[in-house]
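[1] sequence? don't have it. structure:
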């Protein structure tokens, strides 16, 4: 400011300097004008100082923080809205991936079964989801996530009435119904090639409507709270039981029901000789079964990572674990069976990958990739050992559903405590053991009663002649491959 003032005065002096011919009177006038100009400059200098001080105060952090608060709140609200919408989109995408697992299960069962039962298998895998969706909408969802009756079962939220069209609850329902369909369709493969169609459909409705929601409420009862449904913890959840994506709640339940079903329906005609010696019943399309495993593996990324219910960075390590465990499981199963029978077996290799996927499902969010490698390796060995054990006990599991889903469901749920990144806790291991035992035993007992009742009322097992002809002919009067002979009779 001082430099500006000096320059201004100098300019004025140069412009007003008196000429040699000027009089004394003219000099006095000039001096008076200069005094007036200097006074005005002093006044302007004060004004400029005040303006500079005000500008400095406006630029200070303290002054700036006050008017910025409303803007920050608005930005935060926008970020929250984007995150909520991202969560909704992520759950829909992940749920659609899980829905594709229905096709994977169908392909695996088709490939491992004989051609003469192909239509029956497709019908079961297609219709069990259709039934599951309707029953879960009107009954199962409320039993699983409604207001809890002392932690045992949900008591409301049936029919899903009184919800606005844009609520995130609908997305949550969609993500949960595909899990119910997965638990239901596990049983189809185990009981393949000798189960009557009507009896299977009756079971499907009861599992999706009652059996699966019961164990689901015990472990996940409070999960609907963030979506305006229920919010009370089930009794296992209240104890600290953790099953992140459903090693026990989904796969253990489905595997236990599969075991109950094959015990009631019995072995396929010709599977065991009179002295109990097992006979190989080869699948008609192993490449198709391999395609089914690839589809299941793909869907499992949505199954596990989607269980965060949030689209954020936490899904990264989950998908890594969901890659490592099945890869290790396939290798371990192949090598272990190679050691037993002297050659690598394609069926056990494919099931080893599925066993690794089931094993990592419960613990994918709380263990490291190194631990997931160990979980997968042990899952592959478990799959091999359990498959051999069932065959020696003359229990006919057409696709290996019990070793893959039930036994590895136990293993995966215990792994939550065994490989916890925060350290081992014996009490936690006890809670995990209690949870997987309670859910699978309850599922087994209820489904055993269901299958026995269905068998008495409508019939569950196809006759030997129907099995020889193929269920496509006896149940559906059709042939999946009309250009080829697919039955054992001319």
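    Alright, I've got the coordinates. Remember, predicted model here, so these are calculated numbers, not experimental data.
[2] and stretch 280-291, how far from the chain's centre?
    Centroid displacement of stretch 280-291 relative to its chain, using CA atoms, centre = their mean, to the nearest Å, is 28 Å.
[3] cool, and stretch 135-150?
    Distance of stretch 135-150 from its chain centroid, counting by CA atoms, centre = their mean, is 19 Å.
[4] And it, what's buried?
    Buried residues in stretch 135-150, counted by 16 or more other CB atoms under 10 Å: 135-137, 139-148. Every C-beta, even on glycine, is put in place using the N, C-alpha and C of the backbone.
[5] Can you give the contact residues for that stretch?
    Residues outside stretch 135-150 that contact it (CB atoms under 8 Å, 6 or more residues apart in numbering) are 132, 153-160, 173, 176-177, 180, 205, 208-210, 212-214, 216-217, 220-221, 223-224, 229-235.
[6] what's the nearest residue to residue 258 if we skip its chain neighbours?
    Sequence neighbours aside, residue 190 is the residue nearest to residue 258 in space, at 3.6 Å (criterion: CB to CB, 6 or more residues apart in numbering).
[7] What separation do you get for the one you found and residue 398?
    To residue 398, residue 190 is 6 Å away according to CB to CB, to the nearest Å.
[8] swap in residue 437?
    Applying CB to CB, the value for residue 437 to residue 398 is 26 Å.
[9] Show me which of those two is the more surrounded one.
    residue 398 (26 against 14; other CB atoms under 10 Å).
[10] CSV for the buried residues of stretch 135-150, including distance to residue 102?
    Conversion of the buried residues of stretch 135-150 to CSV gives the following (distance: CB to CB, whole Å):
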residue, distance to residue 102
135, 16
136, 14
137, 17
139, 20
140, 17
141, 18
142, 23
143, 22
144, 20
145, 22
146, 26
147, 31
148, 30
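[11] ok, residue 192 - contacts?
    Going by CB under 8 Å, 6+ apart, the list of residues near residue 192 reads 109, 112, 113, 117, 121, 398, 399.
[12] Residue 128 too?
    Per CB under 8 Å, 6+ apart, neighbours of residue 128: 181, 184, 185, 188, 200, 201, 204.
[13] Regarding residue 436, what is its secondary structure?
    helix (DSSP: H, G, I helix; E, B strand; the rest coil).
[14] I figured it was touching residue 253, is that so?
    No: Residue 436 is beyond contact range of residue 253, at 10.1 Å (criterion: CB atoms under 8 Å).
[15] In terms of neighbours, single out the busier of these two.
    Neighbour totals were compared for residue 436 and residue 253, and residue 253 leads with 34 against 28 (other CB under 10 Å).
[16] Against residue 446, how distant is the more buried one?
    On the measure of CB to CB, residue 253 and residue 446 end up 10 Å apart.
[17] Quick one, grab the pLDDT at the residue lying closest to residue 464 once chain neighbours are set aside.
    Spatial nearest neighbour of residue 464, excluding adjacent residues (CB to CB, 6+ apart): residue 269 at 4.6 Å. Predicted confidence (pLDDT) for residue 269: 94.
[18] State the phi and psi torsions of residue 269.
    phi -60, psi 120 (degrees, to the nearest 10).
[19] what sits against it?
    Contact analysis of residue 269 by CB under 8 Å, 6+ apart lists 194, 464, 467, 468.
[20] Tell me the buried residues within the residues you listed.
    The neighbour count (16+ other CB under 10 Å) marks 194, 467, 468 as buried among these.
[21] Can you tell me the element the last one falls in?
    Under the assignment given by DSSP states H and E, the secondary-structure element containing residue 468 is helix 464-469.
[22] right, and the helix or strand after that helix?
    Counting by DSSP H and E, the next helix or strand C-terminal to helix 464-469 is helix 471-476.
[23] Let me see the confidence value for the residue lying closest to residue 302 once chain neighbours are set aside.
    Nearest-residue entry for residue 302: residue 97, 2.9 Å, with adjacent residues in sequence omitted and distances by CB to CB, 6+ apart. Residue 97 carries a pLDDT value of 97.
[24] Stretch 338-349: how far from the chain's middle?
    Distance of stretch 338-349 from its chain centroid, counting by CA atoms, centre = their mean, is 31 Å.
[25] now what about it, what contacts it?
    Applying CB under 8 Å, 6+ apart, the external contacts of stretch 338-349 come out as 112, 283, 286, 289-290, 330, 333-334, 337, 383-384, 387-388, 400.
[26] Please spell out the PyMOL selection for the buried subset of those.
    In PyMOL, a selection of the buried entries from the contacts of stretch 338-349 looks like this (16+ other CB under 10 Å):
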select buried, resi 112+283+289+290+330+333+334+337+383+384+387+388+400
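[27] Can you tell me which of the contacts of stretch 338-349 is nearest residue 427?
    The closest of the contacts of stretch 338-349 to residue 427 turns out to be residue 383 (CB to CB; 29.2 Å).
[28] if I look at the residue nearest to residue 240 when sequence neighbours are not counted, how far off is residue 416?
    Spatial nearest neighbour of residue 240, excluding adjacent residues (CB to CB, 6+ apart): residue 431 at 5.2 Å. Remark: distance between residue 431 and residue 416 (CB to CB) = 9 Å.
[29] ok, those two, which is more surrounded?
    A count of neighbours by other CB under 10 Å puts residue 416 above the other of residue 431 and residue 416, at 26 against 17.
[30] does that one really touch residue 242, like I thought?
    Yes: judged on CB under 8 Å, residue 416 makes contact with residue 242 at a distance of 5.1 Å.
[31] Show me whatever sits in contact with both of those two.
    With CB under 8 Å, 6+ apart as the test, residue 416 and residue 242 both reach 362, 366, 432.
[32] The last one in helix, strand or coil?
    It refers to residue 432. Put simply, residue 432 is helix when judged by three-state DSSP.
[33] Need the pLDDT of it.
    The model's pLDDT for residue 432 equals 98.
[34] so what's it up against?
    Contacts of residue 432 were listed using CB under 8 Å, 6+ apart, and they are 241, 242, 413, 414, 416, 417.
[35] rerun at 10 Å
    By CB atoms under 10 Å, 6 or more residues apart in numbering, the residues touching residue 432 are 236, 239-243, 247-248, 362-363, 410, 412-418, 420, 425.
[36] Overlap of the contact sets of residue 431 and residue 416?
    Common neighbours of residue 431 and residue 416 (CB under 10 Å, 6+ apart) are 241, 242.
[37] so where's the stretch 1-150 of the chain shaky on pLDDT?
    The stretch 1-150 of the chain contains residues with pLDDT under 70 at 1-71.
[38] now the helices: where do they sit in it?
    2-16, 24-59, 61-112, 118-135, 141-145 (DSSP state H, counting those that start in this stretch).
[39] Count the residues that sit near the nearest residue to residue 396 once chain neighbours are set aside.
    Of all residues not flanking residue 396 in the chain, residue 267 sits nearest, at 3.5 Å (CB to CB, 6+ apart). If you count neighbours by other CB under 10 Å, residue 267 ends up with 16.
[40] Residue 267 against residue 195, yeah?
    No: the criterion here is CB atoms under 10 Å, and residue 267 misses it with residue 195 at 11.9 Å.
[41] Quick check: neighbours shared by those two?
    Residues touching both residue 267 and residue 195 (CB under 10 Å, 6+ apart): residue 398.
[42] which of the contacts of residue 192 sit farthest apart?
    Spanning the widest gap among those are 117 and 399, at 12.0 Å by CB to CB.
[43] what sits in contact with each of the two?
    The overlap between the contact sets of residue 117 and residue 399 (CB under 10 Å, 6+ apart) consists of 109, 110, 192.
[44] Going through the contacts of residue 432, which ones are buried?
    Buried among the contacts of residue 432 (16+ other CB under 10 Å): 236, 239, 241-243, 247-248, 362-363, 410, 412-418, 420.
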